[in-house]
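K.L.:
Need coordinates for the below:
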Amino acid sequence: MSAPQNFHVVSSPAHFQDLLSQDLNRISLINFWAPWAAPCAQMNEVVLELSRKYSELLVLQVEAEEQQDITESFEVEAVPSFIILRGHTLLGRISGADASGLTTSIAAALRPASSVQPKSYSNAQPAPPDTETPAQLEERIKDLMTKERVMLFMKGVPDAPRCGFSRKTVGILRDHGVPFGSFDILSDESVRQGMKVINNWPTFPQLIVNGEFVGGLDIIQEMIENGEFDEIVVGKAH
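P.N.:
Predicted coordinates for the structure are as follows:
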């Protein structure tokens with residue numbers, strides 16, 4: 001069955017803006033996906049079904065790594081991710097393969113305009129009052145950093161990474177036979193922000209060996225080229 005007329009594969013930022021600007025009162029669903037992320041395959045089917053069910057919904061498929069300008073403009077850091085708009089107004093943001101949450105959010109957004117208020121959606125329950133002190137957080141992070149001799153702080157988990165850099169780093173470690181533990185920084189915002197400070201490194205993934213920060217993907221690739229990876233990472237891993 002072919003895709004319905006309201007379903008569009010975005011080919012460029014100009015194409016994206018043209019589609020969005022045709023009707024600024026229309027509800028749009030933007031699906032940020034990647035072909036290598038298994039959860040995206042399931043969610044792509046959900047999105048296609050939503051486009052068939054709701055002909056008034058504008059559905060835009062954005063391959064996250066192919067359309068980086070669009071991805072960055074919405075601050076999307078992991079796939080699958082979904083943005084719900086009315087014109088250019090953000091109504092909702094959903095991260096992860098939450099078919100039920102996405103379906104419910106679209107149904108709510110398509111109700112009469114008077115009942116729709118800009119809102120962010122999350123699978124998580126409201127966070128309890130933050131009682132963790134900076135010192136306690138640092139201690140917890142350092143404990144995580146030494147759980148295994150090689151630890152990868154990444155987006156997602158090794159068998160289901162949620163960003164291309166994390167996927168590539170997992171591939172490198174596995175290709176070199178390096179046993180490693182991992183931590184999904186998307187699951188804990190405190191750890192995510194704390195790692196940036198402790199290691200003075202703003203992005204993920206972050207590779208830790210024997211409790212010490214080694215680097216991100218670019219540094220890992222440089223280490224492979226100059227031979228340091230086998231000495232520092234592979235050597236210390238066994």
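
K.L.:
Domain-wise, how is the chain divided?
P.N.:
7-115, 134-237 (automatic domain parsing).

K.L.:
Switch those domains over to JSON lines, and while doing so, append mean neighbour count and mean pLDDT to every line.
P.N.:
For every residue, glycine as well, the C-beta is placed using N, CA and C. Formatted as JSON lines, the domains of the chain follow (neighbours: other C-beta atoms under 10 Å; pLDDT from 0 to 100):
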{"stretch": "domain 7-115", "mean neighbour count": "17", "mean pLDDT": "92"}
{"stretch": "domain 134-237", "mean neighbour count": "17", "mean pLDDT": "91"}
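
K.L.:
And the contacts of the helix or strand hosting residue 140?
P.N.:
Here residue 140, judged by DSSP states H and E, is contained in helix 134-145. Residues outside helix 134-145 that contact it (C-beta atoms under 8 Å, 6 or more residues apart in numbering): 132, 151, 153, 183, 190-191, 194-195, 198, 208, 211.

K.L.:
Specify which member of these is nearest to residue 87.
P.N.:
Comparing the contacts of helix 134-145 against residue 87 with C-beta to C-beta places residue 190 closest, at 34.9 Å.

K.L.:
So for that closest one, what's the nearest residue that isn't a sequence neighbour?
P.N.:
Nearest non-adjacent residue to residue 190, counting by C-beta to C-beta, 6 or more residues apart in numbering: residue 137, 5.7 Å away.

K.L.:
Look up how far residue 214 lies from the one you found.
P.N.:
To residue 214, residue 137 is 21 Å away according to C-beta to C-beta, to the nearest Å.
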